[in-house]
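>>> coords please:
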Amino acid sequence: MVFMLRVLLFLTVFFLACYGLRCFLHPKRKLKSARKKRQTYLLDDVGDVRKNFLLTHKGALFEGEKHPETTADACAVTRILVWIRDPVQPDRLTTEDLMKLEQLIRKHYPAAQIEWKQPIRQILVP
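The predicted structure follows:
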């Protein structure tokens, strides 16, 4: 009976440690931390061209929708549509900030055409 309780306790501690480690290493936690620290961070699954990416810069959270085009060789992202998730914050962003974000996106998708949705487009074209 005591042996079974020890095994059960050990399994419980092991399960909680694994769960805590998984939560600690989750990429969304890194995104939240970067947003809180007002840093730049790109959360993207480059292998999945249908999955949107999240991007944070100066505390603002952006989402990017990838539009793939299938060729004979592979599936490449040719167009990216980016918008801000919380529309209260575009006031703090400058044109230089948006150019920096475009460079970061172009590192991963060099052939893609990047389009900004409103209200970000107003910052780029005054």
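
>>> any idea whether T78 is helix, strand or coil?
Secondary structure, DSSP: H, G, I helix; E, B strand; the rest coil: T78 is strand.

>>> ok, and the closest non-adjacent residue to it?
E69 (4.3 Å; C-beta to C-beta, 6 or more residues apart in numbering). Every C-beta, even on glycine, is put in place using the N, C-alpha and C of the backbone.

>>> so which strand or helix has the one you found?
Here E69 is covered by strand 60-70, with elements defined by DSSP states H and E.

>>> helices and strands around that strand, which ones?
Counting contacts by 3 or more C-beta pairs under 8 Å, 6 or more residues apart in numbering; DSSP states H and E, the secondary-structure elements packed against strand 60-70 are strand 53-57, strand 75-84.

>>> angle of the last one against strand 60-70?
With axes from the mean of the first three to the mean of the last three C-alpha atoms, to 10 degrees as the basis, strand 75-84 and strand 60-70 are set at 160 degrees to each other.
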